[in-house]
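**Q** okay, predicted coordinates and the sequence, questions at the end:
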Amino acid sequence: MTHYGKIKSYDSNKSSGMITPEKGGDALPFGRSDLQEQAKEPKVDQRFGYETKQVDGGKAQAVSLKLQEA
């Protein structure tokens, strides 16, 4: 199921960031490898579609992030 959210933060040094779900809830972490367009660095407030997976004992993480054009 595809979820949607906006980039809350991205640290290019750590190649990781956080995305805030549109439907509410805690921001989810993601890594550069989770971006479908890895060459483009995500910017704060850009809207992305994404999937989720469970990692580290059940914590949710955003994966397969795809930029949603306005």
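**A** Received it, and whenever you're ready, just let me know what you need. Values in this document were obtained by computation on a predicted structure and should not be read as measured data.

**Q** give the contact list for residue 19.
**A** Residue 19 makes contacts with 5, 6, 7, 8, 27, 28, 30, 48, 50, 62, 65, as judged by CB atoms under 8 Å, 6 or more residues apart in numbering. Any C-beta I mention is one placed from the backbone N, CA and C, and that applies to glycine too.

**Q** switch the cut-off to 6 Å
**A** 5, 7, 28, 30, 62 (CB atoms under 6 Å, 6 or more residues apart in numbering).

**Q** out of the residues you listed, which are inside helices?
**A** Using DSSP state H, no member of the contacts of residue 19 falls within helices.

**Q** residue 43: which of the residues you listed is nearest?
**A** residue 7 (6.5 Å; CB to CB).

**Q** and the strands in the chain?
**A** In the chain, the segments counted as strands under DSSP state E are 3-11, 16-21, 28-31, 47-55, 59-67.

**Q** relative to residue 37, which of those is closest?
**A** Comparing the strands of the chain by CB to CB, strand 59-67 comes nearest, at 6.4 Å.

**Q** just how off-centre is the closest one within its chain?
**A** 5 Å (CA atoms, centre = their mean, to the nearest Å).

**Q** now the angle from that strand to strand 3-11?
**A** 90 degrees (axes from the mean of the first three to the mean of the last three CA atoms, to 10 degrees).

**Q** so for strand 59-67, mean pLDDT?
**A** For strand 59-67, the mean per-residue pLDDT is 96.

**Q** so what touches that strand?
**A** Contacts for strand 59-67 (CB under 6 Å, 6+ apart): 19, 28-30, 34-36, 48-53, 55.
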